[in-house]
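1. What follows is a predicted structure for the sequence shown.
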Amino acid sequence: MALPGWLESARRWVVRPPGSTVDLGSLWAEVARAGELESELTRLDDSALTSRKWSGRAEFCAVAREAARRELGLRAYDEQLAGALALIDGRVAEMATGEGKTLTAAIAAAALSADGPVHVLTVNDYLARRDTEWMWPLYQRLGVSVGWVTEKSTAAQRRAAYARDVTYVSVNEAGFDLLRDGLCTDVADRVQRPLGAVIVDEADAVLVDEARVPLVLAGSTLAGPDLALGMAGVVRDLRPGEHYLLAEQDRTVHLTADGIAAVERALGAELYAVQNLDLLTAANLALHAEALLTRDVDYIVRDGRVELVDGFRGRVAQRRRWPDGLQSAVEAKEGLTGSGGGSILATITLQAFLNRYARVAGMTGTALGVGEQLREHYRLEIAVLPPHRPCIRRDEPDRTYRTAGRRDEAVIAEVTAVHATGRPILLATPAVADSETLGERLREAGIACTVLNAKNDAEEAAIVAEAGAIGAVTVSTQMTGRGVDIRLGGSDQRDHDRVAALGGLYVIGVGRHDSARIDGQIRGRAGRQGDPGGSVFFVSLEDDLITRYAPAKSPVVADAQRIAEQVNLEIHRNTWRYHYLLEQHRVAMADRREQVLTTDRGSEILAGLRSAEHAALVRAHGADRVAAVARTIVLHHLDTAWADYLGFIGELREGIHLRAVANLDPLDEFHRAAVPEFRRLIPDAEERAAAVFAALDPSGADWTAAGLGLDRPSATWTYVVDDDALGTDMTHFLAGLVDLFRTR
């Protein structure tokens, strides 16, 4: 039922909606001024609109609204203009699903481009290209150039796209390009320009949930014996409770005395002997893979490869892997050929990468739940925008069952009853395996359904768009990042009213997620733009959320989610405490490298360390040629030293939690080891470079990198590391935190 006009107006122009940390009064005032210009702009012909010179943000918003109406057939709502202004101000705009964030971001990006390059970061390649092509006519009308980058883009295509005023690119791909640019030996080989403004889609997921995830550039395959395959066979025969014990709360597993004896018998070696440390490590990795990582929950196997499932999105993650030892252990568990490891050449967390932009803004439907972290890690405030039309979706209380089996039976019965009416249904499951199993049970019950598990973004986006059609039953892992609205009636909008009369899209969540924000995103798929809709969650006391996090005396979902969210917050904070030092070192190294790459600093360094040889070479070959070879030599040794340092840090991190056994603070011990190692890094690298320089052939016959034996990896690859997969010291610490919360 529509609200009276005066009440609707009052609702929309709230100065500070609940939870918003930004006063919207000034934004609404600018939106009002834009509205006053609308009738004037509609009378302009296309050329006059294109050549219109605007002064101030309000006038720009008015021009952008008219341009969108003509070019896209979309008239931006007042709420979308307010959202664009919030983005321009460097805020996170909270806008509900279906409120038009794509157009909002395009208007903001076009405005921000007047001050320099703008990146719109998406969660996958499909959305980067789709949004560019969709919004391209608007940008063209506004005189703004736009391009996109995907994983398949060549270096030339990337360089051209980043040269545009606005570039759409997935967050991972933009980060990988930064890493690759950081290893260029010629400025002309870079693809990115200096980072300007960024608008982050799904901001809560990217800025918080995935912020601690390191992006990695690797090269030169590691050699060495592979114990993984044999060890997988050994641990496969071990029995839980007898040979090993699980601690589900902190996701750890360890061998019992009987388990150690069984492994030692199988190997014919003593696990805890100093000389057999590699066997002990391989056994622990194999046990972790066998006992704690589940196929079709934590990963899938496709085309002979292990592909990780993003725990926050319930989707297959692009180019993500565990640290090499664990990755090999899982591949061995599944009987697959190992993908090999590699030396890390460069790495950066998403949080550190995003903080390199001069201006950060974002948009999402669920920012309030992470407001504290957005302020703590990015100094970002939240502007909560009201929906264009009031939400009339009916959210039912959870239906709770003692066992997962009874819960699933109730879900099948509910779907059967509702499906008989023709009302479209969307079932959201927490894992790929759950969606496959539930889909099979529905088919056995005679209900045709479509099962999505995020294995193909483009194809599944088209299917999701039809989830609101008459009689549709769609089963999916949770829906974050699909970027598609579900319209009632699907592609046949003549069925809109018929579906609305049935109550609209009915969303059924099968089990709650660790974060209430994700549940909110699932509910938000129904009731878009004032449409009717409904949602309900079916929960069992055997659900992972309950068994891991619910207080012992009160198995309540809300309490379990509160604890899970607090644990994830602490993981984020503690992980960043380790990465913060590494980031300071990375910046220092990058600054030194930039000096060497763009100036004659390399030549100056070597002149100071080998003055006689430097002077002789300059007399013989000239300062420019000597500076060029000095640059090549110093860059090579800086990059090699940094790769060695990253290898040292990786090994240090994997075992640092053991320092707690000696009542030492792991973080202090990490700093105690890492800081002096880094202090030696640059001087040692420059001294090694000086030694190569001093040994140069005075004739200058072959001063190429290859001639000097300074070849770089012939191939590099990029991937994302699941940084918390091995139960590091943060996880061990947080296990106690969970227990503390559970007993309160």
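-> Everything's here; your move.
2. from memory residue 465 sits against residue 492, does it?
-> No - the criterion here is CB atoms under 8 Å, and residue 465 misses it with residue 492 at 11.6 Å. C-beta: built from backbone N, CA, C; applies to glycine.
3. Can you pick out the residue with more neighbours from these two?
-> Set residue 465 next to residue 492 and count neighbours by other CB atoms under 10 Å: residue 465 wins out with 16 against 13.
4. does the nearest residue to that one once chain neighbours are set aside belong to a helix or a strand, and which?
-> Of all residues not flanking residue 465 in the chain, residue 484 sits nearest, at 5.2 Å (CB to CB, 6 or more residues apart in numbering). For residue 484, there is no helix or strand it lies in under DSSP states H and E.
5. In contact with residue 484, which residues?
-> By CB atoms under 8 Å, 6 or more residues apart in numbering, the contact list for residue 484 reads 461, 464, 465.
6. Let's see that with 10 Å instead.
-> 97, 126-127, 130, 457, 460-467, 525 (CB atoms under 10 Å, 6 or more residues apart in numbering).
7. what does residue 159 give?
-> Counting by CB under 10 Å, 6+ apart, residue 159 touches 149, 153, 177, 188, 189, 190, 191, 192, 193.
8. How about the secondary structure of it?
-> helix (DSSP: H, G, I helix; E, B strand; the rest coil).
9. any idea how far residue 190 is from it?
-> Separation of residue 159 from residue 190 (CB to CB, to the nearest Å) stands at 8 Å.
10. Now the common contact residues for these two.
-> With contacts defined as CB under 10 Å, 6+ apart, the residues shared by residue 159 and residue 190 are residue 177.
11. so how far is the longest helix anywhere in the chain from its chain's centroid?
-> In the chain, assigned by DSSP state H, the helix with the most residues is helix 557-598. Centroid separation for helix 557-598 versus its chain: 14 Å, with CA atoms, centre = their mean, to the nearest Å.
12. and if you look at stretch 581-599?
-> Relative to its chain's centre, stretch 581-599 lies at 25 Å (CA atoms, centre = their mean).
13. Stretch 621-634 too?
-> Averaging C-alpha coordinates over stretch 621-634 and over its chain gives two centres that are 41 Å apart (CA atoms, centre = their mean).
14. Quick check: buried residues in that stretch?
-> Judged by neighbour count (16 or more other CB atoms under 10 Å), stretch 621-634 contains these buried residues: 621, 626, 627, 628, 629, 630, 631, 632, 633, 634.
15. Quick check: the fourth one touching residue 617?
-> The one in question is residue 628. No - judged on CB atoms under 10 Å, residue 628 makes no contact with residue 617 at a distance of 11.4 Å.
16. so what's residue 3 scoring on pLDDT?
-> Residue 3 carries a pLDDT value of 43.
17. One more: residue 75?
-> Residue 75 is given a pLDDT of 96.
18. Can you give me the distance of residue 523 to residue 509?
-> Relative to residue 509, residue 523 is positioned 8 Å away (CB to CB).
19. Need the residues touching each of these two.
-> The contact sets of residue 523 and residue 509 overlap at 428, 535, 536, 537 (CB under 10 Å, 6+ apart).
20. Residues in a beta bridge with the second one, which ones?
-> Residues in a beta bridge with residue 535, per DSSP bridges, are residue 395, residue 507.
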